[in-house]
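# build me a structure from this.
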Amino acid sequence: MVNFYQVTVYGQSQNDTKDTKVRVLNADSWAYNNEGDKPTQIFKGNVRITHDSVFMFCDTAWLTEKKLSAVDSIVIIQSDTIFIFSDSLFYDGEVKVAELYRNVVLDNGRKKLFAPALTYEFSEKIATYIDTSILVSDAYNLSSIKGQYFLRQNMAYFEEEVVAVGPDLKLVTDSLRFDTKADKVIFIGPTYITQGDKRIYCERGHYFLQDKQGIFTQNAFIFDDGHWATANSILYSGQDSLIVLKGQAVIKDSTSIGRGHSIIIDQKDSTTHIKGNGYFKSDDRVVTGQEILFSSRTESLQVYGRGFVESSTGTLKSDSLKYEKSTDLGIAKGEVVWRDSTGEKTLLGDILLYRDSTSFFKSYVSKERPLYSQVIDGDTLFISADTLTGQEIVAEDGHDSLFVFNASGDVRLFKNDFQGRCDSLYYTEEDSTFTLYYDPVLWSDSSQFSGDTIILVLDDGALSDVHIKKKAFIITKVDVDLFDQIKGFSIHTILDSQAIERMIVKMNAESIYMVKDEDEAYIGVNKTKSSSMTFYFLNKDLDFIHYYGKPDSRLIPFEQAQRSDLIFDDFVWREEIRPRHYSEVRTSLPQKRRQQGRPVMTRD
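A predicted model of the protein is given here:
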C-alpha cells in the first residue's frame with residue numbers, strides 16, 4: 001500500500017492565503033499518466049481524498065489538476081453532517097461542484113435524498129437534480145422530476161409531477177417548497193391532497209407533515225365523506241380533527257349548507273360554529289344569526305346575537321337561542337318574535353320555551369309581558385298575560401291537528417269587536433272557543449259580561465256566542481249613568497255582526513230595563529224576576545221578552561226610581577279596566593285601572 005499524505009496536485013499560487021489543494025490521503029495503488037495537455041494521476045483501492053472541509057472516499061479516482069473523477073463506492077462527507085453516496089462522481093475543485101451519477105443518496109440526518117443523478121455545490125450546500133428523485137423525511141416521501149435542496153437554508157424545491165406520500169396522506173402538485181427543518185410543505189401552485197376520507201385542493205398555503213396541520217388558501221376546498229367546505233383561508237388540524245374556515249366561508253352537504261365570515265368545524269365532537277353574518281339551512285330549518293353553533297351528532301342548536309329560525313312549524317326571532325334535539329326543548333331570549341307557519345299566529349316576549357315536534361311554546365313575563373296575536377277573518381285578536389302557552393295537538397288519525405292555547409295571570413284580550421279581562425284563559429281551535437276563568441269580564445260594544453266562567457264562540461272570526469256560567473251578569477250602557485241589566489245562573493247571548501240578537505237567561509233570572517216613550521225619553525224602569533227569560537233584539541234594541549213561569553214585573557216611573565231600582569246590589573261597572581287599544585293588553589296599567597271597577601253614580 002502506498003501512502004500519499006504528502007502528495008499535492010496543482011495547488012494554489014504562492015500569493016494565495018487559503019488552502020485550495022485537493023489532497024489524496026490514501027490509496028492502495030497509484031499511477032501517473034502525462035499524456036495529453038495535462039498530466040493525470042490514477043488512484044485505486046481505498047482511496048481517500050480531502051478538499052477544504054470535504055472528505056471523499058471511493059475505489060478508483062482520476063485527478064487532473066483540481067478536477068476529480070471517481071467510480072465505485074463513493075462516499076462524500078461534509079461538515080460531519082452531510083453524507084453523499086453514489087456510483088460515480090465528477091468533481092470540479094475550482095468551483096467546488098460535484099456531479100454524481102447512479103444510486104445517488106444525500107443523507108442529512110433525518111432527511112435522505114435519492115436521485116439517479118445529482119449536482120452538488122459544496123460552498124452553498126445546494127443539491128440539484130433533473131430526473132425523478134425522492135426525498136425521504138421520516139415516514140414521508142417527496143418525489144418530483146426536477147428539484148433543488150438548499151441544505152444551508154433547510155429548504156427544498158420540487159418541480160414537475162410532485163408527489164408526497166406518507167401515512168394516510170398523498171399530495172400531488174406541480175410545484176412545491178419543503179422546509180426540511182420544520183417538516184413544512186409550502187404550496188406554490190395547484191395542489192391536491194388526500195388524507196383518509198378528506199380531499200383537499202388549494203393553490204397556495206402550507207402543511208406540517210408531522211403535526212398534520214396546514215393552512216390552505218387561494219381557491220381552497222375540502223371534501224370529506226359527502227361534506228364540502230371552502231373559504232378564503234382554511235386551517236386544518238389532523239391531530240385534533242379541527243377545520244377553521246376564514247373569509248367567505250361555506251360548508252355544504254347533500255341536505256344542508258352553511259355560510260359565514262368564519263366557520264369552525266370540530267370533527268371530534270361533531271360541532272360546527274359559524275361566526276359573523278351566519279347562515280345555516282338544513283332539510284328542516286333555516287337559521288341566521290351573528291353566531292350559530294350546532295352539532296350534527298346531537299342535532300342541538302345555539303344562536304348568539306339577533307337570530308332568525310324558520311322551520312315547518314313557523315319562524316322565530318330572538319337575541320339568543322338554544323335548542324336540544326334530545327329533549328326537543330328550545331329557549332329563546334331577548335325581544336322574541338314567534339310566528340306559526342301560516343303567519344296568522346304571532347307571539348312577542350322576552351323569554352320563549354318551545355318544542356318543534358308539537359309546536360309547543362311557553363312565554364312568561366320577564367321585562368315585559370308576553371303578547372299573543374292571531375289573525376281571525378281579517379281582524380286580529382291580541383292576548384297578553386303573565387304566562388302564555390300554546391301547542392298543536394295531533395288527532396288520533398295522525399294527520400289532522402288542532403291548536404290549543406292557555407293564558408294565566410292578569411289575562412287581557414283585545415279585538416275590535418270585543419275585549420276582556422280574567423286571570424286564566426283557554427282556547428281551542430277545534431270549535432274556536434275561548435273560556436275565561438277566575439273573575440272574567442268581557443266587553444262588546446256597550447255591553448259588559450261577567451260571571452264565574454265566560455265562554456266565547458267565534459264563527460268565521462266574529463264573536464257569535466257568549467256563554468256565562470254561574471253568577472251571570474250582563475250590563476249594557478244606554479245613557480250616562482243608565483244601564484240595562486240582566487242576571488241569572490247562566491246566560492247564553494247570541495250575536496250577529498257584533499249586535500246582540502238574543503239572550504237566554506236560565507234560573508233566577510232578573511232584569512232591569514230603562515223604558516222610553518215614543519219620543520225616546522226615559523219614562524221609567526222595568527224590573528222583573530222570573531225563573532228564566534229570553535230577550536229578543538231588533539237593530540240593537542230590545543224587541544220583546546219571553547218569560548218562563550210566573551214573572552214578577554213592575555214598572556217604576558223614572559222620577560220615583562231610587563238607586564236600588566236602577567242597579568242591582570252586586571252591580572259593578574268596570575269600564576276603567578277595559579283595554580281600549582291593543583297596546584294596553586301588554587303594558588302595565590295604573591293601579592286605578594286595575595281595580596275591580598266602581599259603583600255607578602245615579603240620580604236620587
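
# show me the helices in the protein, by range?
Ranges of helices within the chain are 563-566, based on DSSP state H.

# quick one: low-confidence parts of this structure?
For the chain, applying pLDDT under 70 flags the ranges 1-19, 395-400, 498, 588-604.

# I'd guessed residue 222 sits against residue 236; true?
Yes: under the criterion of C-beta atoms under 8 Å, residue 222 lies in contact with residue 236, with a separation of 7.0 Å. (C-beta placed from N, C-alpha, C; glycine too.)

# touching both of these two, which residues are there?
Counting by C-beta atoms under 8 Å, 6 or more residues apart in numbering, the residues touching both residue 222 and residue 236 are 198, 200, 216, 243.

# burial of the first one, as a residue count?
This means residue 198. 19 (other C-beta atoms under 10 Å).

# hmm, residue 224 and it touching each other?
Yes: with contacts counted by C-beta under 8 Å, residue 198 reaches residue 224, the gap being 4.7 Å.

# joint contacts of those two?
Residues touching both residue 198 and residue 224 (C-beta under 8 Å, 6+ apart): none.

# and the residue nearest to residue 53 when sequence neighbours are not counted, how far is that from residue 316?
Nearest residue to residue 53, sequence neighbours excluded (C-beta to C-beta, 6 or more residues apart in numbering): residue 79, at 6.1 Å. In this structure, residue 79 and residue 316 are 70 Å apart, going by C-beta to C-beta, to the nearest Å.

# likewise for residue 567?
Using C-beta to C-beta, one obtains 49 Å as the distance from residue 567 to residue 316.

# for residue 447, same thing?
Per C-beta to C-beta, residue 447 is found 39 Å from residue 316.

# so for those two, which residue has more residues nearby?
Here residue 447 and residue 316 are compared on neighbour count by other C-beta under 10 Å; more neighbours surround residue 316, at 25 against 20.

# would you agree the more buried one is in contact with residue 337?
Yes: Residue 316 lies in contact with residue 337 (C-beta under 8 Å); the separation is 7.3 Å.

# strands of the stretch 151-300 of the chain, start to end?
Taking DSSP state E, counting those that start in this stretch as the criterion, the stretch 151-300 of the chain carries its strands at 155-166, 169-179, 184-187, 191-195, 198-202, 204-208, 213-224, 227-237, 242-252, 257-266, 271-281, 285-295.

# okay if I get the ones you listed as a markdown table plus distance to residue 67?
What follows is the strands of the stretch 151-300 of the chain, written out as a markdown table (distance: least, C-beta to C-beta, whole Å):
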| stretch | distance to residue 67 |
| --- | --- |
| strand 155-166 | 28 |
| strand 169-179 | 32 |
| strand 184-187 | 37 |
| strand 191-195 | 42 |
| strand 198-202 | 46 |
| strand 204-208 | 41 |
| strand 213-224 | 45 |
| strand 227-237 | 50 |
| strand 242-252 | 56 |
| strand 257-266 | 60 |
| strand 271-281 | 65 |
| strand 285-295 | 70 |
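
# between these, which one is closest to residue 559.
Closest approach to residue 559 among those (C-beta to C-beta): strand 285-295, 71.9 Å.

# tell me how far that closest one lies from the chain's centre.
2 Å (C-alpha atoms, centre = their mean, to the nearest Å).

# which residues touch that strand?
Residues outside strand 285-295 that contact it (C-beta under 8 Å, 6+ apart) are 258, 260, 269-281, 300-311, 321.

# over to stretch 552-560?
Contacts of stretch 552-560 (C-beta under 8 Å, 6+ apart): 515, 522-530, 547, 565.

# next: stretch 100-115.
Residues outside stretch 100-115 that contact it (C-beta under 8 Å, 6+ apart) are 74, 81-89, 116-120, 127, 129, 131, 133-138, 149, 151, 156, 180.

# then stretch 445-456?
Here stretch 445-456 has contacts from 417-418, 420, 422, 433-437, 439-443, 463, 465-478, 490-491, 493, 498-500, 572-575, using C-beta under 8 Å, 6+ apart.

# any of those buried? List them.
The neighbour count (16 or more other C-beta atoms under 10 Å) marks 417-418, 420, 422, 434-436, 440-443, 463, 466-469, 472-477, 490-491, 493, 500, 572-574 as buried among the contacts of stretch 445-456.

# just checking, which of the residues you listed belong to strands?
Using DSSP state E, the members of the buried ones among the contacts of stretch 445-456 that fall in strands are 418, 420, 422, 434-436, 441-443, 463, 466-469, 472-477, 490-491, 493, 500.
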